[in-house]
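Colleague: Following is a predicted model, sequence given first.
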There are 2 protein chains.
Amino acid sequence: MNRRSFHRAPEGERRQELIEATLDCISEFGLKGATVRQIAIRAGVTAGLVRHYFESKDQMVAEAYRAVIASLTEKASEVEGDPETRLRDFIAINLTEPVADSRSISLWAAFISQVRVDPVLSEIHREGYIAFRNTLQDLLADFLAAKGKPADAETCRAFAIAINGLVDGLWIEGCLAGDLFREGELVAIAMSSVEALLGTSIGNTKQ
Amino acid sequence: MNRRSFHRAPEGERRQELIEATLDCISEFGLKGATVRQIAIRAGVTAGLVRHYFESKDQMVAEAYRAVIASLTEKASEVEGDPETRLRDFIAINLTEPVADSRSISLWAAFISQVRVDPVLSEIHREGYIAFRNTLQDLLADFLAAKGKPADAETCRAFAIAINGLVDGLWIEGCLAGDLFREGELVAIAMSSVEALLGTSIGNTKQ
DNA sequence: GCAGCTATTATTCAAGCGTATAATAATACG
DNA sequence: CGTATTATTATACGCTTGAATAATAGCTGC
């Protein structure tokens, strides 16, 4: 009747570990395979503990989704410097690791597939999407203004929609079939495409 | 001890019904909620019948995925007319119903989330992606040639990657948040974006 | 209109699911 | 150093799952 020995995790840390373990399981085994038991094994605890930190498994999964959205968003909103640099970095960040990798898209797709099913996830998604596009739209407004181009709201909106679509689409291509592209090819295509769309150089001189 | 009455379905028809019911359930309840019993109810049969037509539930799901890929692909590859018309129709078809709707993306996402998990689904995905991009690349080669623009393989490849990304990205935006866009807005943005990318009018005169 | 075939139903099974509960080991505090 | 607190383990429960099996209803050909 020996019980396992264990250590009590500091405030909030175990919660974080459980969420991370949830994401690991979802990306490796799918939503279906991310069972409470599997997640507990991954986190190095027993299954019962989940219910000590979360009201239900569903609630834990929803919080895990928030974490995914945050990680996909935060890197891109940390760009600094003049508008041109920020735009360039925004594009590059979203099309290279760690944002662009197969784990990310597995997680993203798993949750997207539930958006129609679960109103909670649906709301989390919508907030994240709007925030992401607004970040891009503001970036474009600054950039166009700096270039002396027309930057009215309607123009920026259309550009933001198009470039958001382009970046998302290339992100997906890269995540799902990265081996079909040469090193840096997707970023290069994105840069020249954005230049063509905006009708302006974005000084992609680092290459 | 009355048994339910039933009718024997003609060759192949029941298979098709089961696959359709599978897709209905996945889009409504997610992969997790698409149980053999739920699928059978949707198809109007009992659960046992599934195993009469398929070796396992997994095999049925894989065939359902093939059906999704086919339905997302076939409409776009049926375009006819001169290269300019075909390119325009290709874009429009992919960004309007029935290709662009919330059911489609739920299904697409559900399967994409499994690509890392299940090698069978992974292979189905890759074939579909390559076929789709090749269709687009051929379309672009014809179009550029007709316009007297350079249409070497490398150029077409880059354009195909970019436009594929753009269309996919806009498709996702439209599917997930269609209410954030005005009627026809996404198609219009796609058309003018492609014109900017290719540096050529695509005679979007129908508008 | 009957005999044979098989598509379909009905029922059962073991395994795995999320959750509930009780025992206990680790820590914090006087 | 002893005691209260609670994070964690261990175990059990009711339910659902995909699958296997046996019984039977509907069709086909003669």
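Modeller: Nice, thanks for sending it over.

Colleague: close to DNA strand C, is the host helix or strand of residue A:76?
Modeller: According to DSSP states H and E, residue A:76 maps onto helix A:57-77. Yes. Contact of helix A:57-77 with DNA strand C (C-beta under 7 Å from any atom of the strand) involves A:57-58. C-beta here means a position set from N, CA and C on the backbone, and glycine is covered the same way.

Colleague: how about that helix against chain B, any contact?
Modeller: No. Helix A:57-77 lies out of reach of chain B by C-beta under 8 Å from any C-beta of the partner chain, never closer than 10.7 Å.

Colleague: Next, work out how far apart the residue nearest the centre of chain A and chain B are.
Modeller: Nearest residue to the geometric centre of chain A (C-alpha atoms, centre = their mean): residue A:72, 2.1 Å. Distance from residue A:72 to chain B, counting by C-beta to the nearest C-beta, to the nearest Å: 14 Å.

Colleague: Mind listing residues that contact the helix holding residue A:76?
Modeller: Residues from elsewhere that reach helix A:57-77 (C-beta atoms under 8 Å, 6 or more residues apart in numbering or on different chains): A:18-20, A:22-23, A:26, A:31, A:34, A:36, A:50, A:53-54, A:90, A:93-94, A:98-99, A:104, A:107-108, A:111, A:118, A:120-121, A:124-125, A:127-128, A:131-132, A:135.

Colleague: how about it, does it reach DNA strand D?
Modeller: No. Shown here: helix A:57-77 not in contact with DNA strand D (C-beta under 7 Å from any atom of the strand), separated by at least 12.1 Å.

Colleague: After that helix, heading C-terminal, what element do we hit next?
Modeller: Once helix A:57-77 ends, the next helix or strand along the chain (criterion: DSSP H and E) is helix A:83-94.

Colleague: next structured bit after that following helix?
Modeller: Sequence-wise, the next helix or strand downstream of helix A:83-94 (DSSP H and E) is helix A:102-115.

Colleague: Okay, angle between that next one and helix A:57-77 too, please.
Modeller: Orientation check (axes from the mean of the first three to the mean of the last three C-alpha atoms, to 10 degrees): helix A:102-115 against helix A:57-77 gives 130 degrees.

Colleague: Which other helices and strands does helix A:102-115 contact?
Modeller: Here helix A:102-115 touches helix A:13-33, helix A:57-77, helix A:119-146, helix A:153-177, helix B:13-33, helix B:102-112, going by 3 or more C-beta pairs under 8 Å, 6 or more residues apart in numbering or on different chains; DSSP states H and E.

Colleague: And DNA strand C, is stretch A:110-120 touching that?
Modeller: No. For stretch A:110-120, no contact with DNA strand C is found by C-beta under 7 Å from any atom of the strand; the gap never falls below 13.4 Å.

Colleague: Could you give me the buried positions within that stretch?
Modeller: Within stretch A:110-120, the residues that count as buried by 16 or more other C-beta atoms under 10 Å in any protein chain shown are A:110-118.

Colleague: circling back: hmm, which of the contacts of helix A:57-77 are the buried ones?
Modeller: Of these, these count as buried by 16+ other C-beta under 10 Å: A:18-19, A:22-23, A:26, A:31, A:34, A:36, A:50, A:53-54, A:90, A:93-94, A:99, A:104, A:107-108, A:111, A:118, A:121, A:124-125, A:128, A:132, A:135.

Colleague: Just want the angle from the helix holding residue A:76 to helix A:153-177.
Modeller: Going by the same axes, to 10 degrees, helix A:57-77 is angled at 110 degrees with respect to helix A:153-177.

Colleague: Would you mind listing what in chain A touches DNA strand D?
Modeller: Chain A has residues A:1-4, A:6-9, A:14, A:45-49, A:52-53 near DNA strand D, with proximity defined as C-beta under 7 Å from any atom of the strand.

Colleague: Okay, and which of the residues you listed map to strands?
Modeller: Taking DSSP state E, every one of these sits outside strands.

Colleague: if I look at residue A:123, how far off is residue A:134?
Modeller: Separation of residue A:123 from residue A:134 (C-beta to C-beta, to the nearest Å) stands at 17 Å.

Colleague: Also residue A:62?
Modeller: 23 Å.

Colleague: Could you do residue A:9 as well?
Modeller: Relative to residue A:134, and taking C-beta to C-beta, residue A:9 is found at 36 Å.

Colleague: pretty sure residue A:50 is touching residue A:18, no?
Modeller: Yes. Under the contact definition of C-beta atoms under 8 Å, residue A:50 touches residue A:18, with a separation of 6.4 Å.

Colleague: any common contacting residues for those two?
Modeller: A:39, A:60.

Colleague: what residues are up against residue A:28?
Modeller: B:116-117.

Colleague: swap that for residue A:157, please
Modeller: By C-beta under 8 Å, 6+ apart, the contact list for residue A:157 reads residue A:137.

Colleague: One more: the one 5 residues further on?
Modeller: Applying C-beta under 8 Å, 6+ apart, we find residue A:162 in contact with A:197, B:166, B:170, B:189-190, B:193.

Colleague: Now do the same for it: its pLDDT.
Modeller: pLDDT, residue A:162: 98.

Colleague: which regions of chain A sit below the pLDDT cut-off?
Modeller: Where chain A drops to pLDDT under 70, the residues are A:1, A:204-207.

Colleague: How about it: which residue is closest to DNA strand D?
Modeller: residue A:48 (2.6 Å; C-beta to the nearest atom of the strand).

Colleague: neighbour count winner among residue A:9 and residue A:134?
Modeller: Counted by other C-beta atoms under 10 Å in any protein chain shown, residue A:9 and residue A:134 do not tie: residue A:9 has more neighbours, with 16 against 12.

Colleague: wait, what's in contact with the more buried one?
Modeller: residue A:17.

Colleague: Could I get the phi/psi values of it?
Modeller: phi -80, psi 150 (degrees, to the nearest 10).

Colleague: likewise the one 3 residues further on?
Modeller: Comment: the main-chain dihedrals of residue A:12 come out as phi 80, psi -20, following degrees, to the nearest 10.

Colleague: Share the number of residues neighbouring it, please.
Modeller: 9.

Colleague: if we can go back for a sec, turn the helices and strands packed on helix A:102-115 into a markdown table, columns for distance to residue B:139.
Modeller: Shown next, in a markdown table, are those (distance: least, C-beta to C-beta, whole Å):
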| stretch | distance to residue B:139 |
| --- | --- |
| helix A:13-33 | 34 |
| helix A:57-77 | 32 |
| helix A:119-146 | 29 |
| helix A:153-177 | 17 |
| helix B:13-33 | 28 |
| helix B:102-112 | 21 |
